[in-house]
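Asks: just coords:
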């Protein structure tokens, strides 16, 4: 018994002798498909014993394939033995054809061509699938199409695979099975078109293959390839996933499918088998990485990042030596990973990888390492010196390796300035336990300023750094320095729009109206479509006009209002920008300064320009009260008109009035008239609740009622119920009903059932595409989950659970920082005494804290 | 996300290439049709639009090109090389290897 037969009958499965005929046929077909002729012949021999007449041609074909395979591998002696066996099996009748056929057909030597010839012989022996062109779909509808009368051979797609990958013209194929031959050629042609990048032509060629054909999996494979290379990922995914299993095309499509799944932004990542990764590297045309990335991926996934990094840097040295984009991407991956690790772990990781990342081969490795170390240093007052030190080290390392680069140095300095500025902002007003706030603040302030100046010395044209210094002066209240800087920036960047807007708004804030308006006008000329600048300019003009009104300077305020009109635009949609509202403000100013006729004229003009007199009248009525003491006649006239408006309750009028009140409240939130007006609006809106109203109108009223310091729950409930009666699933009103039911406690003392209710409302908001509500609810839900989550118990007895211990540890860290800072010894003794005092104070604070805990 | 990945550019792209690619992407994802995608592209462009911005990005960038080494490799393919079909010989070789496996 041969070795193979022993294996077949022993270790790997039952003996062919005791196997069912159907199983033997299936195994034989599978092995023939894989060109595993040695094993196939064992199955076929047993079949021959059972039905010599039927299976002999297949056995002979199998021997042919084996002989051709051996010849191709240079095993000529063995091939001769096999051919002798063929003669013995078949007798002396047809020795010449049997042995010569594959060689003649294929030109000899090619194992794949020999396999194709064997398939043809097999088909010829039992009435092949395409002999008549008859094929039927698979019985279960899910698998590949099957040839008619297929009971004896269910794996014909393997035959088709063998014919395709032979990539050889076999004359007998064309003559005997013309239809199958045409489809096989179409597959081969389509594959070469894919290689040439002509995907449309490849698809056209693939479409000529019938869906019921044995080549149908190739049609799907080619469709998938074309979709993959043209970035139609969904289409590619669909085509590849429809390829039936255990075929060549199925195996060939798996790496493509793996890449598509890995690149999918959502959903779980597929498991990475080594063979898949190897093939993925090859199809992405990087065979040099097929022994690097699979191992690196495995090490990374099994929690060995250092080993993974070492493997990549050692196995693919050439990538890093060349300093090309692929090497940089991989280096970036391994270095940036440190920033996602916890402090100590990151330090250890960087320390371990430094040996090979920062080696001589990877020129920029050292620089990257220094940068990651700087980025990974905590940005807090305790470590601030360390943070600055790390950035200095980065700068020096870079200069040493790549030479001086003032732009990068300037950026580093300005970054250090930003950090110190943020520390200054944090300590501004905060009580600091060790040093006096003022001392620490002034230290940060002067250091930030020094770093910004250093940055400007290196690169004077950095506009952002100038603006940051301006902001620092502004926040520190250094008015004189700020104004000087403002003038300097304007000189340096006369045509920079952002600088002009910044200067303009700062000038208006400090009541230098003429200067500010000038800057804003220049900014507007540079970008006439910028609505924000236009609004700044109009508001600047109105503020300047109001100042002139208060000084009784009639001519000046008219000039300013004229400027505002020129910058404004028609319509009623924006109360800052639109002409009718500007004119009404102007009319109010004229009335206040006693120019009643001029005021009346402007008022009429404004009403003529707008088509909603209710909004305009009510706006004038409120704005005149805010701007000054209104004269009797126009005020009485306006009051009369407003009374008329309030006579007929209507939700649309109530909604318009809420919008105007909301706007005017931003100008003077504490004005007594607004409170009185809101009471009047409340009565009016409650009367109108029974009348028909739109969702938008109800939203305006409910929002305004909720925005009041003392929320008007009655009004909120009335309009919420009104809308929910007609639309019970409206998420916005359901949210307000929930707020009403919990009377504002929802956000401060939530209950688990509130969370469930909010999640239901969120689902409805998603369904209705209410983006603003979805964002709002998401934020609330996240906060609520944090509040509802049980407090984590610290079970480490050594850790400081006590507030006093924690404070003590913090103080000790501070002491270390101070000791480092005061190492010069200038104020050492005095500082020590101060420390003792601070510690005593801190202990007193602890006692107070405990009292509060008990309370 | 790394701005070079978002715009599909190599890391040594110059101002003109970046601008051209940005305009191409904006035409493909207009603010009306795909507002979120547009915002992503806009943000990416702002990060690398000129020399200063690119230097700033070089210094302070801390984005991961992928979640795993292979993910980083795919990100590189996406932004730098793109998906290139294999040559006829490579494809033949690949299919035959798949058969043997």
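Replies: Now that the structure is in, tell me what you want to look at. Just so we're clear, the structure is a prediction, and the values are computed from it rather than from any experiment.
Asks: show me where chain A has its strands.
Replies: In chain A, the segments counted as strands under DSSP state E are A:135-136, A:146-147.
Asks: can you flag the weakest of the ones you listed by average pLDDT?
Replies: Among those, strand A:135-136 has the lowest mean pLDDT, at a mean of 38.
Asks: what's the helix or strand for residue B:21?
Replies: helix B:15-28 (DSSP states H and E).
Asks: flag every buried residue along the helix or strand just after that helix.
Replies: Next along the chain after helix B:15-28, taking DSSP H and E as the criterion, comes helix B:35-48. By neighbour count with 16 or more other CB atoms under 10 Å in any protein chain shown, helix B:35-48 contains the buried residues B:37, B:38, B:40, B:41, B:42, B:44, B:45, B:47, B:48. Any C-beta I mention is one placed from the backbone N, CA and C, and that applies to glycine too.
Asks: let me know the closest of those residues to residue A:293.
Replies: Nearest to residue A:293 among those is residue B:44, at 26.2 Å by CB to CB.
Asks: list the contacts of the closest one.
Replies: B:1, B:3, B:4, B:6, B:7 (CB atoms under 8 Å, 6 or more residues apart in numbering or on different chains).
Asks: so where is the stretch 651-800 of chain A shaky, pLDDT-wise?
Replies: A:744-748, A:790-800 (pLDDT under 70).
Asks: pick out the residue of it closest to chain B.
Replies: Going by CB to the nearest CB, chain B is nearest to residue A:771 of the stretch 651-800 of chain A, at 9.5 Å.
Asks: ok, that residue - contacts?
Replies: Residues counted as contacts of residue A:771 (CB under 8 Å, 6+ apart): none.
Asks: what's the answer for residue A:535, then?
Replies: Contacts here follow CB under 8 Å, 6+ apart; on that basis residue A:535 touches A:574, A:576, A:577.
Asks: excluding chain neighbours, what is closest to residue A:527?
Replies: Of all residues not flanking residue A:527 in the chain, residue A:497 sits nearest, at 5.8 Å (CB to CB, 6 or more residues apart in numbering or on different chains).
Asks: count the neighbours of that neighbour for me.
Replies: 16 (other CB atoms under 10 Å in any protein chain shown).
Asks: outside of stretch A:603-615, which residues touch it?
Replies: For stretch A:603-615, using CB under 8 Å, 6+ apart, the contacting residues are A:570, A:572, A:579-581, A:583-584, A:587, A:616-617, A:620, A:634, A:645, A:653, A:656-657, A:659-660.
Asks: can you report how many residues lie near residue A:716?
Replies: By other CB under 10 Å, neighbour count at residue A:716 equals 22.
Asks: just checking, it touches residue A:738?
Replies: No - using CB atoms under 8 Å, residue A:716 makes no contact with residue A:738, being 11.3 Å away.
Asks: poorly predicted segments of chain B, please.
Replies: Looking at chain B by pLDDT under 70, you get B:1, B:100-101.
Asks: return the angle between stretch directions for the helix holding residue B:21 and helix B:35-48.
Replies: Interaxial angle, helix B:15-28 versus helix B:35-48 (axes from the mean of the first three to the mean of the last three CA atoms, to 10 degrees): 170 degrees.
Asks: summarise which helices and strands helix B:15-28 is packed against.
Replies: helix B:3-7, helix B:35-48 (3 or more CB pairs under 8 Å, 6 or more residues apart in numbering or on different chains; DSSP states H and E).
Asks: save these as CSV, and put in distance to residue A:675 too.
Replies: Shown next, in CSV, are the helices and strands packed on helix B:15-28 (distance: least, CB to CB, whole Å):
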stretch, distance to residue A:675
helix B:3-7, 51
helix B:35-48, 40
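Asks: quick one, which of these is nearest to residue A:700?
Replies: helix B:35-48 (25.1 Å).
Asks: so how far is the closest one off the chain centroid?
Replies: Distance, stretch centre to chain centre, for helix B:35-48: 13 Å (CA atoms, centre = their mean, to the nearest Å).
Asks: list the buried ones in the helix or strand following that helix?
Replies: Later in the chain than helix B:35-48, the nearest helix or strand by DSSP H and E is helix B:51-60. Neighbour-count burial for helix B:51-60, with 16+ other CB under 10 Å as criterion, is recorded at B:52, B:53, B:54, B:55, B:56, B:57, B:59.
Asks: for stretch A:395-413, same thing?
Replies: Neighbour-count burial for stretch A:395-413, with 16+ other CB under 10 Å as criterion, is recorded at A:395, A:397, A:398, A:408, A:409, A:410, A:411, A:412, A:413.
Asks: wait, isn't the first one in contact with residue A:412?
Replies: In this case it means residue A:395. Yes - Residue A:395 is in contact with residue A:412 according to CB under 8 Å; the separation is 5.1 Å.
Asks: so residue A:251 makes contact with residue B:98?
Replies: Yes - counting by CB under 8 Å, residue A:251 does reach residue B:98; the two are 4.6 Å apart.
Asks: related to what we said a few turns ago, put the buried members of the contacts of residue A:535 into a ChimeraX selection.
Replies: Only the buried entries of these go into this ChimeraX selection, using 16+ other CB under 10 Å:
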select /A:576,577
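Asks: and the gap between residue A:26 and chain B?
Replies: Counting by CB to the nearest CB, to the nearest Å, the separation of residue A:26 from chain B is 19 Å.
Asks: to clarify, my last question referred to residue A:218.
Replies: The separation that residue A:218 has from chain B, given CB to the nearest CB, amounts to 10 Å.
Asks: need the pLDDT of the nearest residue to residue A:623 once chain neighbours are set aside.
Replies: In space, residue A:623 comes closest to residue A:588 once its chain neighbours are excluded; the distance is 5.4 Å by CB to CB, 6+ apart. Looking at residue A:588, its pLDDT is 90.
Asks: was I right about residue A:285 contacting residue B:82?
Replies: No - the pair residue A:285 / residue B:82 is not scored as a contact, 10.4 Å apart, by CB under 8 Å.
Asks: residues contacting residue A:492?
Replies: For residue A:492, the contact set (CB under 8 Å, 6+ apart) comprises A:461, A:463, A:466.
Asks: so what's the gap between stretch A:239-258 and the chain middle?
Replies: Chain-centre distance of stretch A:239-258: 29 Å, with CA atoms, centre = their mean.
Asks: what about residue A:385, how many residues nearby?
Replies: For residue A:385, the neighbour count with other CB under 10 Å is 12.
Asks: correction: the previous question concerned residue A:422.
Replies: Quick note: residue A:422 (other CB under 10 Å) scores 13 neighbours.
Asks: ignoring the adjacent residues along the chain, who's closest to it?
Replies: Closest residue to residue A:422 apart from its sequence neighbours, by CB to CB, 6+ apart: residue A:379 at 7.6 Å.
Asks: mind listing what the one you found touches?
Replies: A:387, A:419, A:422.
Asks: where does residue A:302 fall, phi/psi-wise?
Replies: The phi/psi pair for residue A:302 (degrees, to the nearest 10) reads phi -90, psi 20.
Asks: how close does it sit to residue A:339?
Replies: To residue A:339, residue A:302 is 21 Å away according to CB to CB, to the nearest Å.
Asks: for residue A:756, same thing?
Replies: Noted for residue A:756: a distance of 37 Å to residue A:339, by CB to CB.
Asks: what of residue A:408?
Replies: 20 Å.
Asks: still on that earlier bit, the residue nearest to residue A:623: how many residues sit nearby?
Replies: Residue A:588 has 28 neighbouring residues, counting by other CB under 10 Å.
Asks: good, we can wrap up now.
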